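In: Any chance you could fold what I've pasted below:
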Amino acid sequence: MTLAVSFPKSGQLLAQLHVVSCPRLATRCISTTRVCEKNLRAGQHKITNNRSKPLTYEQAQPPYKIGVTKSWNSWNTSSLYEEKERTSETTVEDVFIRKFMLGTFHNLMLSEVIIKRRQNLIVICGLMYRGIAPRKMYFLQGYTEELLSCLLKRPVRVELQTVESRKDMIFKWI
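Out: You can find the predicted model right below:
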């Protein structure tokens, strides 16, 4: 049995009293917040008045679909149960790789940098704007692979896809 009391002056305040068969629990079952109403706006972008903020496909997805239509930005197994040896090192390496990629391909990366770890191999993926000559892009890709392989002491492969214009990445405006 639930008894709901609302106060007319402040429409947001709602007190609920749950009658429980156990008398000891009946004293603790007063709720002043509405548990049923979940905050569905957490982790989502705020809508602007004139819809001038562009969103990519990944940004437009709600956070509860991260395992369904959206993917994780780092794929590693070092944070699993009883894997305590390289957890912090992997996190620091991921941050370093992201900053290195954004610095090397300055103002050219259009998506998040995806880092996949497959055994000893690190695969770095991303979408890039086709704003420089192909020869320069291939040089930067080889430079990134060689330098990160030497610094991280494991093979690194960079897989980049190019996009004709920046407007091709816009999924919707909010």
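In: Show me where this structure has its helices.
Out: 23-26, 57-60, 87-104, 134-152 (DSSP state H).
In: what's the weakest-modelled helix or strand in the protein?
Out: Comparing helices and strands within the chain by mean pLDDT, DSSP states H and E singles out strand 14-18 as the least confident, with a mean of 46.
In: Find the residue closest to residue 123 in space, skipping its chain neighbours.
Out: residue 116 (4.3 Å; Cβ to Cβ, 6 or more residues apart in numbering). All C-beta atoms are positioned from the backbone trio N, CA, C, and that covers glycine.
In: give me the beta-bridge partners of the one you found?
Out: residue 75, residue 123 (DSSP bridges).
In: OK, contacts around it?
Out: 75, 122-125 (Cβ atoms under 8 Å, 6 or more residues apart in numbering).
In: Quick check: can you list the domain ranges of the protein?
Out: 2-31, 54-173 (automatic domain parsing).
In: Determine which stretch of these is the most buried.
Out: domain 54-173 (a mean of 14; mean count of other Cβ atoms under 10 Å).
In: okay, the domains of the chain in JSON lines with distance to residue 47 next?
Out: As requested, the domains of the chain are arranged in JSON lines below (distance: least, Cβ to Cβ, whole Å):
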{"stretch": "domain 2-31", "distance to residue 47": "22"}
{"stretch": "domain 54-173", "distance to residue 47": "10"}
